[in-house]
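J.: sequence first, then the predicted structure:
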Amino acid sequence: MATCNTVVLLLSLLINVDQVLTSDYVFNDQQTPAFKDYEMFQDIFPLTAGNFTDLVINRPDPWVVIFHKGMLERGWKSLAVSLRGVVWVGMIDLNNNNEQLLQQIGYSADNDSDARVYKYGTQKTKLKSWRRVSDPNTARSTAVSSIPDTTLQLTSDDLEDFLIDSFMSKPSRFPAVFITEEKESSAMMKALSLRFQKYFNFGKIVQPSSAGLRGLGMERFYKDMPTLLVLMANGENMESPQFNAIPFDKKAMGELNYPNILAFLFSVNREFRHLMPGENGSDRRETVEMDDIVKIESLRFDVKGLHHSTESRKVLYEEVSELHMKETVQKRLPDEL
């Protein structure tokens, strides 16, 4: 059995967060130095006139932009950690020759608050619908609520069409299903669905019945929801579809969070894309490597080192082999969910 440290993010977080976040994301207001380079690299980005437009305005992702004078409230750092992978967090140094940028974005020391939220959307949305916020909780709720939900809610009646739609895409997409007890998609689900929509088709099954879980070979995960599995078609026959399930195994891969799922999806795409029905694009390096996603996510994570990892491949093969031995992966679509 693979051990829990076989799939890890190679560039680990170096920020020490002293405050334990509650379920309501209450952040304190203690002051802490803002300038440590390692703290800004992964979770909080220094923004300047040279990168602001490209990072914040020209990309659809939501941003929380913090203004500081050398000291940063601990709550803002905790916010960045809680939103890792979901919302980008940047900061502008008011003491460091950023007059050009401040003038460009219309910042006023008299009228502006501690931070701004640039919501998910087009360049027009970013320029016209940004919002001033004064605390991390408001920043979080404002940024997260702007992320659209493209994750499909599935029942047994939808699964066949879901599979067909996935495999008919160009390139064909892996059907990825979250098993969850919550009707509303989490912010992480929504962010992943948007980021990987070219290569993975995300759906969710909410509060599945015991029969539905057995049909998906997921009964052993019932007490550990939410979880994620990627479905692989077994042959080309979509009239009576069968599939193999590649699960995200928390014991092997760690907590179900954005960086760990990122690692999982890169490994699945690299190792199993050639087995996908339809025009899977396995003959194109940029599709196998997901170069467009690497370009974005490598700003935050060591994606290249991660998805080339032999340990990542080893975990996937061990998990799939174990499932085959237990005869739980080869299933017909369940009659009831």
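T.: Now that the structure is in, tell me what you want to look at. Since the structure is predicted, the reported quantities are computational estimates derived from the model, not experimental observations.
J.: okay, CA-based contacts and neighbour counts for the rest of this
T.: Noted.
J.: how about low-confidence regions in the chain?
T.: 1-42, 211-223, 234-243, 304-337 (pLDDT under 70).
J.: centre-most residue in it?
T.: With distances taken as C-alpha atoms, centre = their mean, residue 192 lies nearest the centre of the chain, 3.7 Å away.
J.: can you list the domains in the protein?
T.: Following automatic domain parsing, the chain resolves into domains at 31-145, 152-332.
J.: can you show me the strands along the chain?
T.: Using DSSP state E, the strands of the chain run over 31-33, 45-46, 63-68, 71-73, 88-93, 115-118, 131-133, 152-153, 174-180, 200-206, 227-233, 242-247, 331-332.
J.: residue 132 is in contact with residue 119, correct?
T.: No - using C-alpha atoms under 8 Å, residue 119 is not in contact with residue 132, being 11.2 Å away.
J.: higher neighbour count, the two?
T.: residue 119 (27 against 18; other C-alpha atoms under 10 Å).
J.: burial count for the closest residue to that one other than its chain neighbours?
T.: Leaving out its chain neighbours, the residue that sits closest to residue 119 by C-alpha to C-alpha, 6 or more residues apart in numbering is residue 62, at 4.6 Å. Counted with other C-alpha under 10 Å, the burial measure for residue 62 works out to 26 neighbours.
J.: show me where the stretch 151-300 of the chain has helices.
T.: With DSSP state H, counting those that start in this stretch as the criterion, the stretch 151-300 of the chain has helices at 156-168, 187-195, 210-215, 250-253, 258-272, 285-289, 291-297.
J.: how far away is residue 105 from residue 130?
T.: Remark: distance between residue 105 and residue 130 (C-alpha to C-alpha, to the nearest Å) = 10 Å.
J.: neighbour count: those two, which is higher?
T.: Ranked by neighbour count (other C-alpha under 10 Å), residue 105 and residue 130 place residue 130 first, with 18 against 12.
J.: show me what the closest residue to the more buried one other than its chain neighbours is bridged to.
T.: Distance criterion C-alpha to C-alpha, 6+ apart; nearest residue to residue 130, sequence neighbours excluded, is residue 118 at 4.6 Å. Legend: beta-bridge partners of residue 118 under DSSP bridges are residue 63.
J.: so who does residue 118 touch?
T.: Contacts were defined as C-alpha atoms under 8 Å, 6 or more residues apart in numbering; by that measure residue 118 touches 56, 62-65, 126, 129-131, 143.
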